[in-house]
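with the sequence up front, the predicted model follows.
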Amino acid sequence: MNVALETKLTIPPAIIELDHEFFPHPWSMRDWEEYRHDHYRLYKVFDKNESQIDGFALYQCLGGEDCSHLLKIMIRPSKRKSGLGNFLLDKSMKDLASLGWIKAYLEVEEDNLSAIRLYKSQNFNVLRKIVHFYGHGRHALAMGTGIA
């Protein structure tokens, strides 16, 4: 498996297609446009032939802060439960740590148990519950971890 990084973001159409096809609440093109700045890092993981993007992780890394924000991580459904999510999360956080980021945080829908298990396997802890974060009746868990 290979992980590639983009910091000057040009969002590949394959990322947007993955998001729209498989994410329960995909972002609009306008949302994606907001993430084309220097303070975002996009990690992509490819299949063994490097012909298809099988997943991605997008972080916000603001200068002057020591904490990165995992905005979105997604693995192609046919590749889930293969360890690819752990691989991508591990590689991306090691890269962030090498650049001086010492913490990471995220929000996850409280009923997304498979994602919560993934984050806990990478030492994320629940920090708090955020009521109605994803809309009326859809609550989030804020989770965080040290990465350095």
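Received, thanks.

give the buried residues for the biggest helix by length in the chain.
Secondary structure of the chain read by DSSP state H shows that its longest helix is helix 84-98. By 16 or more other CB atoms under 10 Å, the buried positions in helix 84-98 come out as Leu84, Gly85, Leu88, Leu89, Lys91, Ser92, Met93, Asp95, Leu96, Ala97. For the C-beta atoms, the positions are set from N, CA and C on the backbone; glycine is no exception.

after the helix or strand bottoming out on mean pLDDT in the chain, which helix or strand is next?
Ranked by mean pLDDT, DSSP states H and E, the weakest helix or strand in the chain is strand 2-6, scoring a mean of 64. Following strand 2-6 in sequence order, the next helix or strand is helix 13-22 (DSSP states H and E).

other SSEs contacting that next one?
strand 53-60, strand 67-75 (3 or more CB pairs under 8 Å, 6 or more residues apart in numbering; DSSP states H and E).

and it with strand 53-60, angle?
Orientation note: helix 13-22 sits at an angle of 100 degrees relative to strand 53-60 (axes from the mean of the first three to the mean of the last three CA atoms, to 10 degrees).

same question for helix 13-22, mean pLDDT?
Helix 13-22 shows a mean pLDDT of 89.

could you give the separation of stretch 95-102 from the chain centroid?
Relative to its chain's centre, stretch 95-102 lies at 15 Å (CA atoms, centre = their mean, to the nearest Å).

go on, stretch 139-148?
Worked out by CA atoms, centre = their mean, stretch 139-148 lies 12 Å from the chain centre.

could you list the residues in contact with it?
67-68, 93-94, 96-97, 100-110, 116, 119, 122-134 (CB atoms under 8 Å, 6 or more residues apart in numbering).

are any of those residues buried, and which?
By 16+ other CB under 10 Å, the contacts of stretch 139-148 give 67-68, 93, 96-97, 101, 103-104, 106-110, 116, 119, 124, 134 as buried.
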